[in-house]
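Undergrad: Would you be able to build a 3D model of this:
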Amino acid sequence: MALLDVKDLVVHYGKINALKGVSLRLEQGDFVALIGANGAGKTTLLCAISGVVHATSGTVSFRGKSIFNHASEAIVRSGISHVPEGRKIFSELSVEENLYAGAYIISDKARVKDLLERSYQLFPRLAERRKKEGGTLSGGEQQMLAIARGLMSDPDILFLDEPSLGIAPILVDKIFEFIVQINAMGKTILMIEQNANLALQVARYGYVMETGKITHEAACAELREDDAIRRAYLGVTGATT
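TA: Here you go, the predicted model:
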């Protein structure tokens, strides 16, 4: 049984058909990349799974139980955490207050403290700036905070939407080192990423979306060698030799 099983998911924005029957599966411990052009429906897919967007039809099952069109809070409580595009941190709250906000579903104070310390061990820079307002952090630090806040609910699956967006190139590799480390901790990851080269290097399996549909899926090593994928997303103009 898959950890997350999405079948034939359809989403409309008014008369616009944003998702046209999308299906994907994640197993426990997977690291899956979702790539595609802007407007392909990638963010809509994550939002529909996590209850931010209402789906028209299809099924979404987590650990064998339906979470289709459940409320976002219920989906977080079930074990899915969504780190949105643009980070969406609370700029006027301190780093530590942002992290505590991520643990709002957990009533056990000792467990919350343990999760906070885990966040600081994973992201030492946040520990250094724990009392600083979120809005004073650099883009890379804010992304670290957004990811750490997403982990504070201790999810089984972490959704990451464009983790490299708006981050200085020198910090992108560092952010991805953290993401790989989080996966190694046992967290299942579904990641949207504009940098397809990097996404297909760090993830193990990939899906390609075009105009609301999944058009390709394979192990990332296979996708990196696919001529059509290389030309469309990896900046390679010629055929492989």
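Undergrad: Packing partners of the helix ranked longest in the chain?
TA: For the chain, the helix that runs over the most residues, judged by DSSP state H, is helix 169-184. Under the contact definition 3 or more CB pairs under 8 Å, 6 or more residues apart in numbering; DSSP states H and E, helix 169-184 sits against helix 109-122, helix 139-151, strand 188-192, helix 196-202. (C-beta placed from N, C-alpha, C; glycine too.)
Undergrad: Mind listing residues that contact the shortest one?
TA: The set of residues external to strand 188-192 that reach it, using CB atoms under 8 Å, 6 or more residues apart in numbering, is 3-4, 26-35, 42-43, 46, 85, 156-163, 179, 182-183, 199, 203.
Undergrad: how about the helices and strands packed on helix 169-184, which one is nearest A18?
TA: strand 188-192 (14.4 Å; CB to CB).
Undergrad: Output that closest one as CSV - backbone C-alpha positions only.
TA: Extracted in CSV, the C-alpha atoms of strand 188-192 (Å, rounded to 0.1, in the frame of the first residue of the first chain):
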residue,chain,number,x,y,z
THR,A,188,9.0,11.3,2.6
ILE,A,189,9.4,14.3,0.3
LEU,A,190,7.4,15.6,-2.7
MET,A,191,9.1,18.6,-4.2
ILE,A,192,8.3,21.1,-6.9
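Undergrad: From L137, how far off is the residue nearest the centre of the chain?
TA: Nearest residue to the geometric centre of the chain (CA atoms, centre = their mean): L160, 1.7 Å. Applying CB to CB, to the nearest Å, the value for L160 to L137 is 18 Å.
Undergrad: got it, and E222?
TA: Relative to L137, and taking CB to CB, E222 is found at 38 Å.
Undergrad: quick one: which of those two has more around it?
TA: Set E222 next to L137 and count neighbours by other CB atoms under 10 Å: L137 wins out with 21 against 14.
Undergrad: The more buried one touches V95, doesn't it?
TA: Yes. Counting by CB atoms under 8 Å, V95 is a contact partner of L137 at 7.3 Å.
Undergrad: So for the two, which residues contact both of them?
TA: Residues touching both L137 and V95 (CB under 8 Å, 6+ apart) are R129, L145.
Undergrad: would you list every one of the strands in the chain?
TA: Assigned by DSSP state E, the strands in the chain fall at 4-13, 16-26, 31-36, 57-62, 65-66, 80-83, 157-161, 188-192, 205-210, 213-219.
Undergrad: so what secondary structure elements neighbour the first one?
TA: Read it as strand 4-13. Using 3+ CB pairs under 8 Å, 6+ apart, strand 4-13 sits against strand 16-26, helix 42-49, strand 57-62.
Undergrad: Flag every buried residue along it.
TA: For strand 4-13, a neighbour-count test (16 or more other CB atoms under 10 Å) marks L4, D5, V6, L9, V10, V11 as buried.
Undergrad: Report how many residues lie close to the spatially closest residue to A127 that is not a sequence neighbour.
TA: Closest residue in space to A127, ignoring its immediate chain neighbours: Y120 at 3.8 Å, by CB to CB, 6 or more residues apart in numbering. Other residues near Y120 number 18, with proximity taken as other CB under 10 Å.
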